[in-house]
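**Student:** Would you be able to build a 3D model of this:
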Amino acid sequence: MDRRETYILDFTHPIKSPKTIDFQLDQEYWAMMSSDSISNGDVSATVLIEPVRDLYKVTFSFEGTVTVPCDRCLAPVRLDVDVEEEVSFDLGEELCDEDDKTIILNAQDPKYDISMLMFEMIVLSLPLQRMHDIEDCDPEMVKFLVSSAPDADEPSQEEDPLWADLRKAVSKKK
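**Tutor:** Numbering: from 1, shown residues only. Here you go, the predicted model:
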């Protein structure tokens, strides 16, 4: 069986009561997603499907850790994941994404692969700056970064002539 088939939600047969599906997003999952942003992880995912009138409310809950490269030293850093997101699935004439919170599925083939959706939810829950504490970073890399940083005492390089011309034009208008 294809690994991705594990992550397909099938709404072919109507779901009449809430249904919970648990996934363990392990090394195989992260390798399948083949992304540079997350190299590894161990995340428990719970997907709760609830029928609400003429659509399905699906709640995704994630808890665990992922390994990403440190933005400062590039060494692996483990980050906690604890996020809950909700998406609605509606059956319509054709597959289309109306917005971030509602996905319309073709009523003739109401199946949806949630593997990428879960991946995106986890990535977007991570902090923008993904770094160790400075004392935990690779000392060689930190030393290199400090030595290559521009000194505050050094005079800055000459101003770009384009900016100088722009300043002159603005000051003339005043």
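**Student:** Provide the partner residues of Pro76 in its beta bridges.
**Tutor:** Counting by DSSP bridges, Pro76 is bridged to Pro69.
**Student:** Could you report the neighbour count for it?
**Tutor:** Pro76: 12 surrounding residues under other CB atoms under 10 Å. (Each C-beta comes from the backbone N, C-alpha and C, glycine too.)
**Student:** And the residue nearest the centre of this structure?
**Tutor:** The residue lying closest to the centre of the chain (CA atoms, centre = their mean) is Val123, at 1.9 Å.
**Student:** Without its sequence neighbours, what residue ends up closest to that one?
**Tutor:** Ser37 (5.7 Å; CB to CB, 6 or more residues apart in numbering).
**Student:** Can you tell me the SS state at the residue nearest to the centre of the chain?
**Tutor:** Look at Val123: counting by DSSP: H, G, I helix; E, B strand; the rest coil, its state is helix.
**Student:** quick one, helices of this protein?
**Tutor:** Taking DSSP state H as the criterion, the chain contains helices spanning 27-33, 115-125, 139-148, 161-173.
**Student:** so which of those helices gets nearest Ile8?
**Tutor:** Closest approach to Ile8 among the helices of the chain is made by helix 115-125 (8.4 Å; CB to CB).
**Student:** Could you name the helices and strands sitting against that closest one?
**Tutor:** strand 19-25, helix 27-33, strand 40-52, strand 55-69, strand 76-92 (3 or more CB pairs under 8 Å, 6 or more residues apart in numbering; DSSP states H and E).
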